[in-house]
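Engineer: Sequence and predicted structure, then a few things I'm wondering about:
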Amino acid sequence: MKKIYVLAICAAFALNTSCKKNDEKEDEIVISGSLNVEEGKKQLEQNSINFLNKIESLKDDTALNEMIDLAEFLNNPSPNANTFEKSFYKTLSNVSELNNKDVNAFNTKQAIALVDEKPLLSDFNNEKGIYTWNSNTEEFDFTGPSDDIVYNFSYDNGKNATFTVTDFNTEISENEELPTLAKANLKIDNITVFNQEFSASINKTQLLPNTVKNTTSIGGFSFISSYDNSNNKEINETTEIKINNEVITSFKLNLKGNFNNENGTVIEDFIDNSAITFKFLDAALTMNIKDSNFDSNKEYSIDDQIALLNSNSESELSVNDKSVAKGEFYKDKDTYKDYVFNPSTSNYEYKEVTDDVVNMRLLFADNTTSDFNTYIDGSFTELESKFESVFKSFENLFDSE
């Protein structure tokens, strides 16, 4: 049960997708009108550059720089580190590796950093107290009682840091202890540079949790993820990434179907329809998919697959509430090298192989089409330069530490 529970947490936050409940209209995308191909390119590129400008501003975030310094100071955990001390080291490691880790990977790892160790409530209660870093032994020494778990240390010519686990709770399900609450924060010279709050509720008779929520903040940079299972009939997942309280990107997924674990049976056809929305600043990609006229026992040809996908799905790319293009599935060619059996020689030979595959392209208002690579090729040169600049600035930030 614990493995499934942690996997459910990973899946919810790794997807980085979500959807608010249907009656919440404040974030609904209302598209009015469309843009021609060139104007769509222009506005998408400018929106992406604005997005990267906000990302680049993070390199000057004091909290992020302070945590990178601290990660360098406390590089590796002591082999004798306890459960929550190891979680603290994991947090620092996750932050220090942000330059070579995408936000999905960071969000997933950090979401479970406080809960994927042995989640025993007795450990939390037994380890409550104040611990102070001993530079001679390079370990934390117990220095006093506390209702929380507190790690104090001085470093870098007089800086003082305190990492505190303020709350932790678990629930028993199928004779396993599962984390349902975890809160922690890090202060450097009494200024909060990191904060994390995790909570979950479980249904002891089902495989999937009822709710999972996690907020991780590093200075002005925040990840906010939530997962809600409504009676195993509807699942909503939400992830927002904020910089200085402004949502710069959000991912939303809504699934409707049958997610019950009935008598331990495996339900193969459990999703009736799904809705996905990905936003970055003023651009959005939406997709709606329904499960209709699909026979899981039937072998579909490429043409049949395309017809089924186009009839059961709708997708649209927009910017500034104007449609740029709709998505359309089509038959494409995929050429690759593979070992092919030659009956005349009775040997496998390494040859170039071409197969028909299903792909998606952009369908514009004037009924012209373009695959994504062709659409951006040679048209987003300013964006490419900006991306290289942002990548280099973060590479320098982490490499200089």
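Structural biologist: Noted; the coordinates are in hand. If you're wondering where the values come from, they're calculated on a predicted model, not measured in any experiment.

Engineer: can we go C-alpha only for contacts and neighbour counts from here?
Structural biologist: Fine.

Engineer: Show me what counts as buried in the lengthiest strand in the chain.
Structural biologist: Ranked by number of residues, the top strand in the chain under DSSP state E is strand 322-342. Judged by neighbour count using 16 or more other C-alpha atoms under 10 Å, the buried positions of strand 322-342 are 322-330.

Engineer: same thing with stretch 246-262?
Structural biologist: Neighbour-count burial for stretch 246-262 [16+ other C-alpha under 10 Å]: 248-260.

Engineer: ok, so of these, who is nearest residue 175?
Structural biologist: Lowest distance from residue 175 to these (C-alpha to C-alpha) belongs to residue 260, with 20.7 Å.

Engineer: Kindly state the pLDDT recorded for that closest one?
Structural biologist: Note on residue 260: pLDDT of 68.

Engineer: Please tell me how far the residue located most distally from the centre of the chain sits from residue 351.
Structural biologist: Taking C-alpha atoms, centre = their mean, the residue of the chain most remote from its mean C-alpha position is residue 344, at 50.5 Å. Residue 344 is 15 Å from residue 351, where distance means C-alpha to C-alpha, to the nearest Å.

Engineer: likewise residue 138?
Structural biologist: For residue 138, the distance to residue 351 - C-alpha to C-alpha - is 57 Å.

Engineer: Same question for residue 165.
Structural biologist: Counting by C-alpha to C-alpha - residue 165 and residue 351 are separated by 58 Å.

Engineer: Neighbour count for the two, which is higher?
Structural biologist: residue 165 (23 against 12; other C-alpha atoms under 10 Å).

Engineer: dump the residue contacts of the more buried one.
Structural biologist: 84, 148-150, 182-185 (C-alpha atoms under 8 Å, 6 or more residues apart in numbering).

Engineer: so where's the chain uncertain?
Structural biologist: The model of the chain has pLDDT under 70 over residues 1-28, 75-81, 96-119, 205-207, 259-271, 296, 397-401.

Engineer: same thing but 50
Structural biologist: By pLDDT under 50, the weakly predicted segments of the chain are 15-26, 266-267, 401.

Engineer: what about the helices in the stretch 1-150 of the chain?
Structural biologist: With DSSP state H, counting those that start in this stretch as the criterion, the stretch 1-150 of the chain has helices at 2-15, 37-56, 62-73, 83-96, 103-111, 121-127.

Engineer: thinking again about what came up before, need the max-distance pair from the buried residues of stretch 246-262.
Structural biologist: 248 and 260 (34.9 Å).

Engineer: Not counting sequence-adjacent ones, nearest residue to residue 293?
Structural biologist: residue 308 (8.0 Å; C-alpha to C-alpha, 6 or more residues apart in numbering).

Engineer: tell me, how many neighbours does the one you found end up with?
Structural biologist: Residue 308 has 17 nearby residues by other C-alpha under 10 Å.

Engineer: what helix or strand does it sit in?
Structural biologist: helix 302-312 (DSSP states H and E).

Engineer: again with residue 180
Structural biologist: strand 176-188.

Engineer: So which bits of that strand are buried?
Structural biologist: Buried residues in strand 176-188 (16+ other C-alpha under 10 Å): 177-188.

Engineer: So which of those is the closest to residue 299?
Structural biologist: Out of the buried residues of strand 176-188, the member with the shortest distance to residue 299 (by C-alpha to C-alpha) is residue 178, at 41.4 Å.
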